[in-house]
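> Here is a sequence with its predicted model. Questions after.
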Amino acid sequence: MAEASSSSDMFDEIVMAAERFHGEGYQEGYAEGSHAGVVEGRRYGSLHGAKIGSEIGCYLGFALTWQCLLQKCTDEKNSKKIRALDSLIGMIQKFPYEDATYDKLQEDLEKIRGKFKQVCSMLNIQSNFRIGTERSSLSF
């Protein structure tokens, strides 16, 4: 009878060891996966944020340059262009760069893109903003 008890204990130890190793493996895998997810998320967020920053910065530089160029022209036709540029600049200045949790980020970005296209149309400029891996540019 002692022999049956001994083999039963060995079997229990094997089963318990398998469960223990499964639990430990799960915990290790979960921790490693969480770390890898955070690293990948940061990398993606940095890249995406840099692209948006580059795009918005280009729009702002464009708008400020045209605002300076049109300051001396005070006729009605140019005052509409200046108002549209002022509106674009205002939208860009209100854009929440530091708030990563801003829920209307894409919506506001689309509004800025639309206003930029409107300004380009008013200025008779072909807008073609491209973001590439090598450089960002406006093509005229």
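Good, I have the coordinates.
> helices or strands up against the helix or strand where Ala63 lies?
With elements taken from DSSP states H and E, the one containing Ala63 is helix 2-70. Contacts defined by 3 or more C-beta pairs under 8 Å, 6 or more residues apart in numbering; DSSP states H and E place helix 2-70 against helix 76-94, helix 105-122, strand 129-131, strand 136-138. Any C-beta I mention is one placed from the backbone N, CA and C, and that applies to glycine too.
> What helices and strands are in contact with the second one?
So the one you mean is helix 105-122. Against helix 105-122 (3+ C-beta pairs under 8 Å, 6+ apart) you get helix 2-70, helix 76-94.
> of all the helices and strands packed on helix 2-70, which lies closest to Tyr30?
Nearest of the helices and strands packed on helix 2-70 to Tyr30, taken as C-beta to C-beta: helix 105-122 at 30.3 Å.
> With just CA atoms, put the closest one into CSV.
Listed next in CSV are the C-alpha coordinates belonging to helix 105-122 (Å, rounded to 0.1, in the frame of the first residue of the first chain):
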residue,chain,number,x,y,z
LEU,A,105,-7.3,65.1,-32.8
GLN,A,106,-8.2,63.5,-36.2
GLU,A,107,-11.3,65.6,-36.6
ASP,A,108,-9.4,68.8,-35.9
LEU,A,109,-6.5,67.7,-38.2
GLU,A,110,-9.0,67.1,-41.0
LYS,A,111,-10.4,70.6,-40.5
ILE,A,112,-6.9,72.1,-40.7
ARG,A,113,-6.3,70.2,-43.9
GLY,A,114,-9.5,71.4,-45.3
LYS,A,115,-8.8,75.0,-44.4
PHE,A,116,-5.3,74.6,-46.0
LYS,A,117,-6.8,73.4,-49.2
GLN,A,118,-9.3,76.3,-49.2
VAL,A,119,-6.4,78.8,-48.7
CYS,A,120,-4.4,77.2,-51.5
SER,A,121,-7.5,77.4,-53.8
MET,A,122,-7.9,81.1,-52.9
